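# Predicted model and sequence below, questions to follow.
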Amino acid sequence: MRKKYSIFSLIKNAFSNNENWQKMWESPEPKKGYDVIIVGGGGHGLGTAYYLAKEHGFKNIAVIEKGWLGGGNTGRNTTIIRSNYLWNESAHLYDHSVKLWENLSEELNFNMMFSQRGVMNLAHNEHDIKEMKRRISANRLNGLDTQWIDTKQIKELVPIMNTENLRYPVLGAAFQPRGGVARHDAVAWGYALRSNEMGVDIIQNCEVKDIKTDNHKVEGVNTSKGFIKANKVAVVASGHTSVLAQTAGVRLPLQSRPLQALVSEPIKPVINTVVMSNAVHAYVSQSDKGELVIGAGTDGYNSFTQRGGYDVIEETVRAIVELYPIFGKMKMLRQWGGIVDICPDASPIISKCEVKGLYFNCGWGTGGFKATPGSANVFAHTVANDEPHKINAAFNLERFSNGRLIDEHGAAAVAH
Amino acid sequence: MILINCPYCGEREQSEFTNGGEAHVIRPKDPDILNDKDWGQYVFYRSNPKGIFYERWVHTHGCRKWFNVVRDTSTDTILKIYKLTDNKPDISEFQSTLKSPSGEPIVGSGNFAVKK
Amino acid sequence: MSALKNKNCNYISNKEIKITFDGRSYSAYEGDTIASALLRNNIRLIGRSFKYHRPRGIYTCGIEEPNALVQILNEHNEPNTRATIKRAYEGINICSQNRWPSLSFDIGSINNILSPIFSAGFYYKTFMGPKGFWKKIYEPLIRRTAGLGKPPKNFRSKSIHQNHNVDILIVGGGLSGLLAARKLIDTDKQVLLVEQDSFLGGILNNSNKVKKIDGKNTFEWIQETEKLILKSNNIKILKNTLVTTYNFTNHLIALEDKFSGKKIDINKSELTLHKIRTTHTILANGHIERFISFRNNDLPGVMLASSFEKYIERYGVVPDEKPAIFTNNSSTISLVKSLINLNCKPCAYIDSRKKEDIEDETKEYLIKNNIPFYPESEVEGCEGNKKVEKVFIRNNSNKISSINSSMLCPSGGFNPDIHLFTQSKGLVKWDEKINSFKPDTAFQNTITLGSVSGNYEFKNLCEEINKKLSFLKVKDLNPEIETNIRDDFSIEELWETKTDKTSKWAKSFIDLHNDVTTKDLKQAINEGYDRIEHLKRYTTNSMGTDQGKISSINSLGIVSKILNKKISEVGTTTYRPPYAPLSFAAIAGRSTYEYYDPERKTPIHNWHIKNNAVFEDVGQWKRPWYFKKHETETMHQAVQRESKQTRRSAGILDGSTLGKIEIKGKDALEFMNLMYTNAFTKMKPMTSRYALMLGEDGMIMDDGIICKINDKHFIATTTSGGAPKVFAHMEEFLQTEWPHLQVYLNSITEQFTTFNISGPRTREIMRKVFTDIDFNNEKFPFMTFKTFNYKNTEARIMRASFTGELGYEIYISPQYALELWELIFKHGKDFDLVPYGTETMHLLRAEKGYVVIGQETDGTVTPIDINFNWMIGKKKKDFIGKRSLTRSDTVRDDRKQLVGIIPLNKSQFIEEGQHVVECENLPNKIKTPVEYLGHISSSYHSPNLNHCISMAMVKGGNKLMGKKLFVSTPKGTKNIPVEIVNPVFIDPENKRLTS
Amino acid sequence: MTKLLSADGVDITQKNFQQILIRGDGKDQFNQVVNKEISLQPPSKNLELKTNDKCIFAKNSFDQWTLVYLVEQDYKEILKIISNLNLNDEILASDYSYGQVYFEVLGKNKNEFLNKLTQFDLRDKKFPDFSMAQTLIARIDCYIYKLNEKYIITCNKSYEDYFKKRLIDLINL
C-alpha cells in the first residue's frame, strides 16, 4: 500500500494547505489487450479486479466503465448490509460478504464507515411472524445472529416507531445486530484505489458496445475507444448485463427494473438502526450526516431510465409516515432511481456460461450492495479458475433448466 | 408516472395497470416434448432490451383486459399500443428513435443533460 | 423594528404581529417571512453551519436559501424550515439550529479551528483503527454531531391530495406567466396557473426593473390581470403553491401551503399536494441569482444583491441603508436605484467588468448620486466578528483597499431555473451570453418562457411568448414594457476572486449549506475525483438542502478552469426531484394510518364485534381470529375451547372472505382442465372437488374447491388472500393464451356470503334451519352440492369440510346473510354450536393433516412434495405447470416432503419455524453451520389428542416414517426428540367426514 | 337511501340499487337474447351507457356489460332474468345486487371533490354524459357512471365502511 491514510496524513497535509494529496487512481487510455477485462466499474467490478490481483496473481486487468466509477447502483442504493437470508446457499454467500465487510476498512485503509447498528425486519401479520421465525431458526443453524424481538424491544431500539396505531400493527421483528449500513461510494473508491495500486487499469467514460466472440470463445470487447482484446471477460454491469450478454449471443433470465430511493433533510440522530418492513413496505436508516435514507420498491415494468414512477415514491412515503408519524413533519430532499436486474428466483447469478472465457455476476435485484465484497471475492475465484467457489456454486445458470432455484422472494424488504 | 392509453378505456395512469412482461411469447403447444432447458427458456427467460420492447399490459384496475405495447425502455416513451388480436408491428416502424449503440437516445434517457 | 421600512411596498400590511426567536419576542408585520421579520429587527445571525459551525445569516430571499434554516417550535418542532419562505404569524415560535449551548456561543465552532484537517474526504481517511474503535467511539461521536435541526415531535399528518387534469399548466405567476395567461383567457383551453408566492407578479414585485406595462404601473397591471383571469372561466390560479416535481407524460407535483402566514388549524389539512396532469406545460419559473466565491463569503451580512432588493420591494424592509455592492453584470444597478429611491446609498459599487464594458447609464447614475465606484475591481474578501465589518477590494492594479461596511451584496449573474426543465428530461445548453445553462431541447410538451428560457431582456419577451405559443392559435399580445434600467444584459465570467491570505483557515465557500470550500474542490480534483459526480460525492458539494441552487453552476465554472475544459464538457450533475424539499406528510396524503390500506369487512362483521371477536388481518380482510368468551380468556384457551367444541358438537366459521369465481362457457371444462392439476372430465355434475392450481414453474399457487354445475358451468373457490391473483391468472390465460376457448369469468366473491359449519351435530342443525332440504348422507353425500331457494334468493349448500368433521358450506346472498347466520345460532344453541375464528380453523385442519397454502407451501413446493400425486390428472396432456413437475430437480425423491411430527415426550411443545435436525444438542454459539432436514410448517397443541402435533417439510420425508429425530427450539441448546409420523392425526379413514 | 354528506357543493347519498353483470360477445344473438329479457338494447360502444327511468345499461369493455336497476325491483324478477340469460351457453350473467354498494354524487364541486380521491379525468371532454368507467377511487376498484349532473359510483360491499369514512373525512378537512 503506497498511499497510507490516517489522522497523521491528514495533519501533515493540513500543514501544506491540502495541496499535496496524491491521486487515488489514474485515468489511463486502454491498452491493446488484457488478461481479464471487467465490464462495469461499480463496487462488484472493482472488487473483482482487486481480488483477482490480490488473491489470484493476475497482473494485466482492466475495469471498463461506461460512466464514472461507482456511478451505477453502487452510488444509488440505500447501503444496507445484512445476511439474514432463508436458504443456506444465500446465507453462506451473504455472510461471507458481511465477514469481509467487517475488515474492509482496515484491509483497504479506506474508511467504509461500516456501521453495525443492526437491521430489523418488521412483522405485521401472523404470516410474517411465521415466515420470520422460520428464517431466524434457519439463520441460527447457519451461525448467523438473527433473533426475534418483541414490540417492547422494538420500541426500546426505535422509540419513535408507531407500533399500535396503524392499519397493520407491528407485532415483532427479526433483528440482526451484525447488519448495518456502510458508505456506498467508499467501497468503489477503496477498491479502485487499491486495485489501481496493484496495476489494474481503470478506464472511465468508455462504453462497451459489444462482446466479441469466436467459436464460443471470448475474444475481447468493442468499446467507444476501440477494440480491446481479452482472454477473459467478466461482466458486472447490473441493469445492463443482459443487454451486453445478448451481444455475445448469451441469453440471461434477467429483467431490468427501476428501483428508487430517497433521502430527507438532515436532522439530529433519531433512528439508530435499520428498519425494514414488507407489509408496510419501506425501509429506512439514518445516515451519519443525519439524512433519513429511505428505500422504495421496484417498478413493475422494465426500464433503463434510472427514473421510476412517482406512485412508487408515494407508496413508500405513505409507509414511512404510517410507521413514523413524526417524519410527516420532515421533507424529502432528493429522490433518484437505479436500474436493477432481477432474476426469477430473486437470487443472483455468479457463473460462467456457454461462451468460454465469459463470466457473469448479475441478477442482484434490490440486494446487491450488501454482497459487494463477498460477490467480488467469489467471482474473482470463478474467473481465475474457470470454476465456481463452493460458495457460489449454486448460483449458476443451470438452475433455470433443472429447477433447483434459490427462491428468496421472502428475503427482500420490499415485494417485487 | 407514464400514461397508458388502454384500447378499451382510454388514457389512464400506469398505476392502474400491471405489466405482463414480454409480448408474443407463445406457450409451447406440447410441453412434454421439450427438454428441461427449452422448457426453462419458456418459463424463466424473457427478452430485456434497452430500446424497443414489445410487452404486455393488463388494465387491472379498469376493464381487466390485456393488450400489447411497444415501448422504448430507455426513455419509457410508448410508441404503439395494439390489441392482442392485432398483428405485431414491425420493428422497423420504430427504429428511427434509436441513437446510441446501447439504445440510448440523446433526449429523454436521463443520461444526457447537456447538449454538446 | 429598527430597520428602515419601505412604505411604498404593497404587500406588507401595517398590522403588527409578535414572533419569538430563540426565546426573545420581536415585532413584525403581517405578510413578513421569518427572514424579513428578523431583518426588520436587525437580526443578522440566524444559525450555525453544518460542518464548521460558522455563524451564518440570511443569504437570499427565497427558496434558494442555503443558510437561514430554523426550527418551528410551535409546529411540532418542524426542523430545517427556510426562514426566507415561511411566513410569520402572530405567536410563531422559532429557534436557531445546530448550535450548543447558544447561537452566539457555540462549542461546535471548534471544528472551524480544526478545519484544515477536515479537508475533502476526511472521513474516508481516518478512524479506521484500532479495531472496534469505529463502532464504539468514532461513529457515535460523528453521529452526534450530524444533522441540522432536531427531530419533530408528536405529529399526525392530515394533508390531502388534489388531482387536476388540464390542457395547460403555467408554472410561475411572474411577468412571463401572467402574459401567457392573458393570452389564454377565454380560450377553450383549461389552464392552471401555479404561483409559489401569495401574490402574483414575480419580478414585478421583487425589483423595480420594470416601470410600466401598457402605461400602467406594475401593481395596477398585476391587479388588472388577476381580475381578468378570475373573470374567465377557463383559468384557475393556485397561490402559495410550489411545483417541485416534473414526471413523465407531463405529470407534475405541486405543494400548496394552506396556512401560509396563518397559525395552523390542526383539525384541517395543512398542506395540499396537487398532482397535475397536463397536455402542455409552460415553465415560466424564472431565474436564480448566483453568488461569487471570495474569502469569508459566508459571513452574516453577505446577501445576494437581488435578494436585498426583493426585501425592499416585496417585503418593504431595507436590510441595510448603505451596503457595499459587488457585481459582474448589468442588472445590479436596479438595487442601487431602489436604495436611492428611499434616500439610502450604497457605500461602494464594485463591478468586475472593464470600465468600457459597463453601461454608460450605470456609470452616469453612480456618479450623479455620488456612489463610490470601483470598476474592474473585485471583492477579495470580508472580515468581522460574526458579521461583515470590513470589505477588502482589489482594484485593477491589484491593490487591495478596505472599506467599512456591515453588508455586502454580491451578484454573480443569473441562472435560468432549469431544475424542472431537466427533471422533465429536456436537454440544456451552455449560453455564453448569459454565462449559464439554458433549456435547449424539450423531451415532453414543455415550453419555457422568459428568464427560465435564458431571455433576460424585457423588450424581447412578448415576441418570445407570441412565437412559442403560436401553436395554440391565439391572438398575439404586445403590451409595451417600460423599464427603469437599461434592458440589455451583459455579464463577465467570474466564479471566484483571488485571495491574498494564504492562511490555512482562509475559506472561500462554494457550498454554504454543506461547508464546502473552493479549496476542497481543488484538493478533490488533485486526488483524482475529476468527474463532476465524484466531486459532488467526495466533497458533498451541492448535496445540501438547497441543492446548490446559488452555487452549483459556480462550482462547474471553477472545475472547468482547473481541468481546462469547457463548462459544457464538464457537464452538470443530475438535477433530482424535488425542486425544493417536499413534505413527507403531503406526499403521503390521507392514505395513511387507518386509511393506509382499505379494510374489508364481511356482512357478519358487526355480529363478530358484538360477540367479542378478536380480529386478524388477512390481506385487506378483517377476519375473526378467535372469540373471547369472557374478558380474561386467553387466545390459547379460546382456541382450545372452540376446537374441542367443534369436534364434540358443532362450530361455525365466517368464510365469506374465500374467493369465488363463476366460470361459464362452452369450453369451460377444457379451461378448468388446463388451469388446475385435477381432471374434471369424469366429474359428475353437482359434485365438488378439492383442486390445486400451479404456476408454470410447477409450484403450488393456490387451492380451492371446484363445484361443477355441468361441463359448461363451474364455480371455483380460492383462498382469501389468493382471490384477486387467481382471478387475474385465469383471465390472463383466457385472453392471452387460449382466446379460442369460449369461457367467461365473473368474480362473485362478494355476491355470496359463506359460512362453514362443521362438527358431528351439524346435520341436526341444518335440518332445523333448512327444513326443505334432505340432509341424509345418501341424499346429500360428501363433496356434492345443492342449490335451493332461500327467501326468493338462490343459495347453495355444499357438503365439504376443512376440519375433517361432517360439514357444510353455505353460500347465501349478502342481503340475508346476517339473518341466516342468526337463525343458525338460534337453532344451533340446542346443539352446542360455537362460532370459531381462523386460528381454530388452522388447528382443526392441522389435526386432519390438511395443508394451508402459504404455510406448508412457500412457492417452492410441488403437489408431489405434499403427497398430492393423486390430485394430478396424469392422463391430461397439459395443464399449467405440468411440464415443470418432471424437471430433474422436481423429480428428486429427496426433496422436502410433508410429514407429521409429534414430540416423544407428549408434554413438550414444538414451535413453528423451527428445524428438524439429527443432533440432540446444539452448541451454545453456533460457529459452523448445522445441517438440517427441514422445518416445522405448522404446530399446535391439539385439544382433541391432548399433545402437540406438527406438520413439517422434511428432506426425503416420505421415507422417514417412524424415524426418531430432533427439532430445535428458539433459543435453547437442547433439541426436542420427535418422531416422524403420518401428517393425518385424526380420522385417517375419513369416517367422520363422510358419514 | 342514506344521505352521507352535503357540504361545499357536494352531495352524496347512499342508494340501494340492484345489478347484473353480463359477459358475452356482443354479437347479434347476444343482443337478441339480452333484449328479450331487458327492455333496453345493450350498448354497442365501449364505455357507453343507456338509461331509462328504471335502469342503466352500460358496456364496460368489449365483452362485459353492467345493468344497474335504479328503482328497486322484485328480487325474484332479477334472478329470473339472470337464470334466463344463463340458459344460453355463450352468456354468463351474475347477480351483483347485494354484494355492491352504490353512491350518488351531485353538486357543482363534485369533480374537484372526487379528484381528491382519484386521478381519473372527470372533465366533460374526457368523460362525457352517458358514459361509464372502471377506475380506482380511494385506492379501491370502482365503477363510475355519469348521468346528467350526477355520478353513480359503486364498489364491493366489503369496502362500504372504509369508503364512507374516506368521503366524510375529506369534507371535514
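Structure's in. What do you need? Numbering: from 1, shown residues only, chains lettered A, B, ... in the order given.

# Near chain C, which residues of the stretch 151-300 of chain A are found?
Counting by Cβ under 8 Å from any Cβ of the partner chain, the stretch 151-300 of chain A comes close to chain C at A:160, A:165-168, A:183, A:185-186, A:189-190, A:204, A:264-270, A:280, A:287-290. The way it works is simple: take the backbone N, C-alpha and C, and place the C-beta from them, glycine included.

# Next: chain B.
Residues of chain B lying near chain C (Cβ under 8 Å from any Cβ): B:1-3, B:13, B:18, B:20, B:27-28, B:30-32, B:34, B:36, B:39-40, B:42-44, B:56, B:58, B:60, B:64-66, B:75-76, B:84-85, B:106-110, B:112-116.

# which among these are in contact with chain A?
Within these, those near chain A by Cβ under 8 Å from any Cβ are B:1-2, B:13, B:18, B:36, B:39-40, B:43-44, B:75-76, B:109-110.

# any chance of the residues you listed in JSON lines, plus secondary structure?
Listed next are those as JSON lines, based on DSSP: H, G, I helix; E, B strand; the rest coil:
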{"residue": "B:M1", "secondary structure": "coil"}
{"residue": "B:I2", "secondary structure": "coil"}
{"residue": "B:E13", "secondary structure": "strand"}
{"residue": "B:T18", "secondary structure": "strand"}
{"residue": "B:D36", "secondary structure": "helix"}
{"residue": "B:W39", "secondary structure": "helix"}
{"residue": "B:G40", "secondary structure": "helix"}
{"residue": "B:V43", "secondary structure": "helix"}
{"residue": "B:F44", "secondary structure": "helix"}
{"residue": "B:T75", "secondary structure": "coil"}
{"residue": "B:D76", "secondary structure": "coil"}
{"residue": "B:S109", "secondary structure": "coil"}
{"residue": "B:G110", "secondary structure": "coil"}
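
# Can you give me every residue that contacts the residue of chain D found nearest chain A?
Residue of chain D nearest chain A, by Cβ to the nearest Cβ: D:Q119 (9.5 Å). By Cβ atoms under 8 Å, 6 or more residues apart in numbering or on different chains, the contact set of D:Q119 is B:E13, C:N163, C:N165, C:K275, C:R277.

# let's see it at 6 Å
Listed by Cβ atoms under 6 Å, 6 or more residues apart in numbering or on different chains, the contact set of D:Q119 reads B:E13, C:N163.

# Show the pLDDT at A:A415.
With respect to pLDDT, A:A415 scores 34.

# How about A:A279?
Reported pLDDT for A:A279: 83.

# If C:N163 is in a bridge, with which residues?
C:K275 (DSSP bridges).

# Next, please give the residue ranges for the strands of chain B.
B:3-6, B:10-13, B:18-22, B:52-58, B:66-72, B:77-82 (DSSP state E).

# Buried deepest among those, which one?
Among the strands of chain B, strand B:66-72 has the highest mean neighbour count (mean count of other Cβ atoms under 10 Å in any protein chain shown), at a mean of 23.

# by contact count, what packs against it?
Strand B:66-72 is packed against strand B:52-58, strand B:77-82, with contacts defined by 3 or more Cβ pairs under 6 Å, 6 or more residues apart in numbering or on different chains; DSSP states H and E.

# Please list the residues of chain B that sit near chain D.
Residues of chain B lying close to chain D (Cβ under 6 Å from any Cβ of the partner chain) are B:Y8, B:E13, B:H61, B:G62, B:C63, B:K65.

# Tell me where the model's unsure across chain B.
B:96-103, B:116 (pLDDT under 70).

# Just list the residues touching the residue in it positioned nearest to chain C, thanks.
Residue of chain B nearest chain C, by Cβ to the nearest Cβ: B:P31 (3.6 Å). Applying Cβ under 6 Å, 6+ apart, we find B:P31 in contact with C:R883.

# Which of the three states applies to C:V559?
On the basis of three-state DSSP, C:V559 is classed as helix.

# Report the contact partners of it.
C:V570.

# gap between it and chain B?
As judged by Cβ to the nearest Cβ, to the nearest Å, C:V559 and chain B stand 14 Å apart.

# circling back to that earlier point, let's see the pLDDT reported for the residue of chain D closest to chain A.
Per the predicted model, pLDDT is 96 at D:Q119.

# count of neighbours near the closest residue to C:E383 other than its chain neighbours?
Nearest-residue entry for C:E383: C:K390, 4.9 Å, with adjacent residues in sequence omitted and distances by Cβ to Cβ, 6 or more residues apart in numbering or on different chains. Look at C:K390: counted by other Cβ atoms under 10 Å in any protein chain shown, it has 15 neighbours.

# Ok, the one 10 residues further on next?
Here the count is done by other Cβ under 10 Å, and C:I400 has 12 residues near it.

# Cross-check the contact I'm expecting between it and C:V391.
No - C:I400 lies out of contact with C:V391 (Cβ atoms under 6 Å); the separation is 10.6 Å.

# Run a quick neighbour tally on C:T545.
Neighbours of C:T545 (other Cβ under 10 Å): 24.

# which stretches of chain C have low pLDDT?
Counting by pLDDT under 70, chain C contains no low-confidence residues.

# For the longest helix seen in chain A, name the packing helices and strands.
Using DSSP state H to define each element, chain A has its longest helix at helix A:88-108. Taking 3+ Cβ pairs under 6 Å, 6+ apart as contact, the helices and strands that helix A:88-108 lies on are helix A:368-385.

# so how far is chain A from the residue nearest to C:E383?
Using Cβ to the nearest Cβ, which is the criterion applied here, C:K390 is 24 Å from chain A.

# who does the residue nearest the centre of chain B bridge with?
Most central in chain B under Cα atoms, centre = their mean is B:E55, positioned 2.6 Å from the mean C-alpha point. In this entry, B:E55 is beta-bridged to B:E22, B:V69, by DSSP bridges.
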